[in-house]
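K.L.:
just to be clear, the model below is a prediction. Sequence and coordinates:
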Amino acid sequence: MEPDESAASEADHEGMAALAGSTNDLADDVPRSRVDRVLRWVPRILSSKPHVVALMGLGIYLILLPILGVRVSANAELIGGNYTNVTSDIGACIAAGGTLHLVNQGRKRRKMDEERLTLIRETHRLLHYVYDDAARELGHVGHAGSEPGPPASSA
């Protein structure tokens, strides 16, 4: 393949990644577009208590009342659906709530891991400062002899 062709295919691939978004983290911490901000609310609305209560009421109206002999109009069944629609909607609410919980837990865990890594790096740097001779004996030159302070940013 010629160099021009590989550059073009990489550019096309980057364009598709920008269009579809990252596949590594499907729930960005900060939404990039207006559509992302709107779509971010969908699971919250689906798993909200009022929505679940409304679906339960719909389930009672469309499932339980006909079983008890109360006549439900055909229009109500057409608009509201049947028992499979209602139960699958309630299942979607449960799944949306579970997904939100997992995403939030993942973000908290990632933040804690980043803080833990920063602490470990700072401890390592301080140990090199305090035990300068031992670090040199182990072949770790470059860290030893520097003043402790804020960690150097790696660019």
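P.N.:
Everything's here; your move. Residues are numbered from 1 along each chain as shown.
K.L.:
which parts of the strand or helix carrying Val53 are buried?
P.N.:
Here Val53 is covered by helix 49-59, with elements defined by DSSP states H and E. Using 16 or more other C-beta atoms under 10 Å as the test for burial, helix 49-59 gives 51-52, 55, 58-59. Every residue, glycine included, has its C-beta placed from N, CA and C.
K.L.:
check stretch 123-142 too.
P.N.:
125, 128-129, 132, 135.
K.L.:
mind listing what's buried in stretch 69-83?
P.N.:
80-81.
K.L.:
which one of the buried residues of stretch 123-142 is nearest Arg107?
P.N.:
Proximity of these to Arg107 (C-beta to C-beta) peaks at Arg125, which lies at 27.3 Å.
K.L.:
quick one, helices of the chain?
P.N.:
All helices of the chain, identified by DSSP state H, fall at 3-20, 34-39, 42-46, 49-59, 65-67, 74-80, 83-130, 132-137.
K.L.:
per-residue confidence for Thr123?
P.N.:
Predicted confidence (pLDDT) at Thr123: the value is 93.
K.L.:
now, the most widely separated pair of the buried residues of helix 49-59?
P.N.:
His51 and Gly59 (12.6 Å).
K.L.:
ok so, going back, okay, the buried residues of helix 49-59 in TSV with distance to Leu119 and pLDDT next?
P.N.:
Below are the buried residues of helix 49-59 laid out as TSV (distance: C-beta to C-beta, whole Å; pLDDT from 0 to 100):
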residue	distance to Leu119	pLDDT
His51	41	90
Val52	41	89
Leu55	46	89
Leu58	51	88
Gly59	50	87
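K.L.:
let's have those residues in JSON lines, adding distance to Leu65.
P.N.:
Below are the buried residues of helix 49-59 laid out as JSON lines (distance: C-beta to C-beta, whole Å):
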{"residue": "His51", "distance to Leu65": "21"}
{"residue": "Val52", "distance to Leu65": "19"}
{"residue": "Leu55", "distance to Leu65": "15"}
{"residue": "Leu58", "distance to Leu65": "11"}
{"residue": "Gly59", "distance to Leu65": "10"}
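K.L.:
perfect, I'm done here.
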